[in-house]
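[1] dropping the sequence and predicted coords here.
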Amino acid sequence: MSSTSARIPYAQGIVFAIPINTAMECAEQIKTHGTVMRPWIGIYGVSITPQVASYYRLGVDRGVLVTNIVGGSPALKSGISSGDVILSLDNATIRDIADLKEALESHRLVIESVSL
């Protein structure tokens, strides 16, 4: 997979890279919608690890523990609260934050394809 990158010459070799597929998708969204479309539910959360599950006595060993809700967000409007655990989104199993982000992105693509 290729990527686009930027190097800051005075920053001791620090390089920022974006996968080319991500850059192309963003460019297409800007052309179509005038902005980059990002899915957002408005939570702060942590991936549930065995240590997190044990500390909070969760009774589950996977998912995302909601730690805070953003005011006015879709999460707040839907009744999600701090302390809730997200285990799935639609038919997608959520094991950690990465799974949640991936499921949200897939969900956005479905909504976008329906609206076209």
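    That came through fine. None of these values were measured; they are calculated from a predicted model. Numbers count the residues shown, from 1 in each chain.
[2] measure stretch 35-52 end to end?
    Stretch 35-52 has its terminal residues 37 Å apart, counting by Cα to Cα, to the nearest Å.
[3] tell me which residues in it are buried?
    Along stretch 35-52, these residues count as buried under the neighbour rule (16 or more other Cβ atoms under 10 Å): 37, 41-43, 45, 47-48. In short, each C-beta sits where N, CA and C put it, glycine included.
[4] same check, this time on stretch 52-60
    Taking 16+ other Cβ under 10 Å as the basis for neighbour counts, the residues of stretch 52-60 that come out buried are residue 53.
[5] what's the offset of it from the middle of its chain?
    Relative to its chain's centre, stretch 52-60 lies at 22 Å (Cα atoms, centre = their mean, to the nearest Å).
[6] ok so, going back, for my notes, please list the buried residues of stretch 35-52 in JSON lines and give distance to residue 83 and pLDDT for each entry.
    Shown next, in JSON lines, are these (distance: Cβ to Cβ, whole Å; pLDDT from 0 to 100):
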{"residue": "37", "distance to residue 83": "30", "pLDDT": "79"}
{"residue": "41", "distance to residue 83": "16", "pLDDT": "90"}
{"residue": "42", "distance to residue 83": "16", "pLDDT": "91"}
{"residue": "43", "distance to residue 83": "11", "pLDDT": "94"}
{"residue": "45", "distance to residue 83": "11", "pLDDT": "95"}
{"residue": "47", "distance to residue 83": "15", "pLDDT": "97"}
{"residue": "48", "distance to residue 83": "12", "pLDDT": "96"}
